[in-house]
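Asks: what's the 3D shape of this:
(chains A and B)
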Amino acid sequence: EAGVTQFPSHSVIEKGQTVTLRCDPISGHDNLYWYRRVMGKEIKFLLHFVKESKQDESGMPNNRFLAERTGGTYSTLKVQPAELEDSGVYFCASSQSGVGELFFGEGSRLTVL
Amino acid sequence: GENVEQHPSTLSVQEGDSAVIKCTYSDSASNYFPWYKQELGKRPQLIIDIRSNVGEKKDQRIAVTLNKTAKHFSLHITETQPEDSAVYFCASTNSGYALNFGKGTSLLVTP
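Replies: Model (predicted):
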């Protein structure tokens, strides 16, 4: 069974540009999450989808971040326009229903210059 | 929101020794406490978890203890091996979905 896959693994962009990160969850997992780890800090929750619906987006830093999950399958996280402080590793995770294990992707490292 | 403090930030032990990582949380409603291990360049993976109705859980060389009164929980690794070297993250949640992570502990096990 394929795990959670994320693309790209690393993206380097300039301040003001746009970047779109993609996440493919484990097949059949209704719950999809985005997290972010800024250098040296904790992994912070961004948002949670249940199927195609945003269940909780309380962690989204500002309106430059837009997450979508059309059709309840893969998800994208767009940053537009990117700022220096957006640099970090963006993790996607998925899970089946209920409280339990999150299956993480390997992360997308974003560097904003 | 929930604040999770994790200590130490780095830990170096000799192979065969024990390693202990401690976390404290602030939200008394937190009821689920997982530990994730992230090896260099790889994805975080769940190694053990505990729920608030349990005080201790063990899985081979790994154990987790929870003190709800003091609002802290700890990871214990016995008979450490070089392959235990990784970054370990504790987390807590009261919802089961939005995990609040600590900053991580970089564990190095030297042969």
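Asks: and the residue nearest the centre of chain A?
Replies: Among the residues of chain A, the one closest to the centroid is A:Trp34, at 3.4 Å (CA atoms, centre = their mean).
Asks: apart from its neighbours in sequence, what residue is nearest that one?
Replies: Leaving aside its sequence neighbours, A:Trp34 sits nearest to A:Leu46 (CB to CB, 6 or more residues apart in numbering or on different chains; 4.1 Å). C-beta: built from backbone N, CA, C; applies to glycine.
Asks: what's the answer for A:Leu32, then?
Replies: A:Phe49 (4.4 Å).
Asks: can you check B:Gly41 too?
Replies: Nearest one to B:Gly41, counting by CB to CB, 6+ apart, is A:Glu106 at 7.7 Å.
Asks: all strands for the chain, in order.
Replies: In the absence of a named chain, chain A is used. In chain A, the segments counted as strands under DSSP state E are A:5-7, A:10-13, A:19-24, A:31-37, A:43-50, A:53-56, A:65-68, A:75-79, A:88-95, A:103-104, A:108-112.
Asks: chain B is the one I meant
Replies: Using DSSP E, strands in chain B cover B:4-7, B:10-14, B:19-25, B:32-38, B:45-51, B:56-59, B:62-67, B:72-77, B:86-92, B:100-101, B:105-110.
Asks: save those strands as a markdown table, and put in distance to A:Asp24 too.
Replies: A markdown table is the format used below for the strands of chain B (distance: least, CB to CB, whole Å):
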| stretch | distance to A:Asp24 |
| --- | --- |
| strand B:4-7 | 29 |
| strand B:10-14 | 34 |
| strand B:19-25 | 31 |
| strand B:32-38 | 20 |
| strand B:45-51 | 18 |
| strand B:56-59 | 29 |
| strand B:62-67 | 30 |
| strand B:72-77 | 30 |
| strand B:86-92 | 23 |
| strand B:100-101 | 23 |
| strand B:105-110 | 29 |
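Asks: make CSV from those and add mean neighbour count and distance to A:Gln6 to it.
Replies: Listed next are the strands of chain B as CSV, based on neighbours: other CB atoms under 10 Å in any protein chain shown; distance: least, CB to CB, whole Å:
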stretch, mean neighbour count, distance to A:Gln6
strand B:4-7, 18, 24
strand B:10-14, 13, 27
strand B:19-25, 21, 27
strand B:32-38, 23, 14
strand B:45-51, 17, 15
strand B:56-59, 12, 28
strand B:62-67, 18, 27
strand B:72-77, 21, 26
strand B:86-92, 24, 18
strand B:100-101, 24, 18
strand B:105-110, 17, 23
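Asks: B:Leu108 reaches B:Ser85, doesn't it?
Replies: Yes - counting by CB atoms under 8 Å, B:Ser85 is a contact partner of B:Leu108 at 5.3 Å.
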